[in-house]
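Q: please find the sequence and the predicted model below.
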Amino acid sequence: MKTPALVVLCSFLLWSCASTEAPKTQPQQAAAKLQSVVQPQGKVQIEADKVADIVNLLSLTTKVQIKMAYAGTDNFTATQVPGYQANICYLQQQAAQALAKVAMQAERLGYQLQLLDCYRPQRASNYFMNWVADASNQTTKAAYYPRLNKTELKQGYIAAHSGHSRASTVDLTLLRKNAAGQWHPLDMGGAYDLFDPVSHLNSNDISTVQKANRLLLKDLMQQQGFVPYELEWWHFTLKNEAYPNIYFDFMVN
């Protein structure tokens with residue numbers, strides 16, 4: 001049997017060893033936890049051509065609104081992003097079918113989906129990485145990454161290879177009609193592409209109503225097999241996606 005003194009000594013040594021490791025910051029913890037999500041899970045294959053089972057979402061449902069942020073200049077780069085030449089949401093067939101079911105359920109509840117990004121050409125991700133590397137360009141910092149350094153955006157927000165390029169990931173929000181009968185986005189406690197801790201799916205820095213709105217979107221998407229992304233309340237990927245290692249680079253036109 002160990003003596004009390006020996007037990008105390010062992011406990012002290014264990015505490016000393018544990019205390020020598022510096023605690024990770026919140027961005028570091030999130031980046032480590034989500035590395036398997038944002039990084040490719042196998043050998044990356046770039047495919048230049050559009051395959052037959054990647055379809056226009058509007059061919060399956062008209063119960064959505066399409067507002068592709070990168071097809072215009074109202075986005076974190078303040079430019080029209082290479083690869084986006086039209087306001088079209090392309091998705092792999094299974095993802096599109098699942099999203100059409102989400103749209104149907106949202107309509108039953110009095111809401112409508114607004115798609116902000118769907119399939120993303122690989123060249124757009126290349127452009128984003130070049131944008132991150134340009135430290136001299138800080139024109140959108142106040143609006144899109146007010147509390148982060150630009151280089152920190154590579155810790156879970158912007159990656160060399162995006163799930164969007166696999167055609168089964170979507171960025172979206174919910175709309176509801178206001179008193180004037182016009183569709184208006186729900187208050188989610190932070191704008192689309194706000195790279196900030198407040199955009200984390202389970203942020204505690206938002207109101208009860210804003211949390212409820214995020215939870216509604218999350219529940220609607222999860223019911224049809226979409227997996228949420230912890231750092232961005234708007235980002236969902238279809239579970240068991242068709243092309244887990246293929247990154248497409250055909251134009252959105």
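A: Yep, it's here.

Q: got a list of what the residue nearest to Lys141 when sequence neighbours are not counted touches?
A: With sequence-adjacent residues excluded and distances taken as CB to CB, 6 or more residues apart in numbering, Lys141 is closest to Lys150, at 7.3 Å. Every C-beta, even on glycine, is put in place using the N, C-alpha and C of the backbone. Residues near Lys150 by CB atoms under 8 Å, 6 or more residues apart in numbering: 132, 135, 138, 141.

Q: list the contacts for the second one?
A: Residues counted as contacts of Ala135 (CB under 8 Å, 6+ apart) are 150-151.

Q: hang on, Ile113 packs against Leu175?
A: You called it Ile, but residue 113 is Leu. Yes - Leu113 is within contact range of Leu175, at 7.4 Å (criterion: CB atoms under 8 Å).

Q: most surrounded residue in the contacts of Lys150?
A: Val132 (20 neighbours; other CB atoms under 10 Å).

Q: longest strand in the protein, please.
A: Scanning the chain for the longest strand, with DSSP state E as the assignment, gives strand 169-177.

Q: compare Leu113 and Leu175 (neighbour count), which wins?
A: Set side by side, Leu113 and Leu175 show more neighbours around Leu113, with 28 against 20, by other CB under 10 Å.

Q: let me know the helix or strand that the more buried one is in.
A: strand 112-117 (DSSP states H and E).

Q: tell me the angle of that strand relative to strand 169-177?
A: 140 degrees (axes from the mean of the first three to the mean of the last three CA atoms, to 10 degrees).

Q: hmm, back to that, quickly list what's touching both of Leu113 and Leu175.
A: Gln65.
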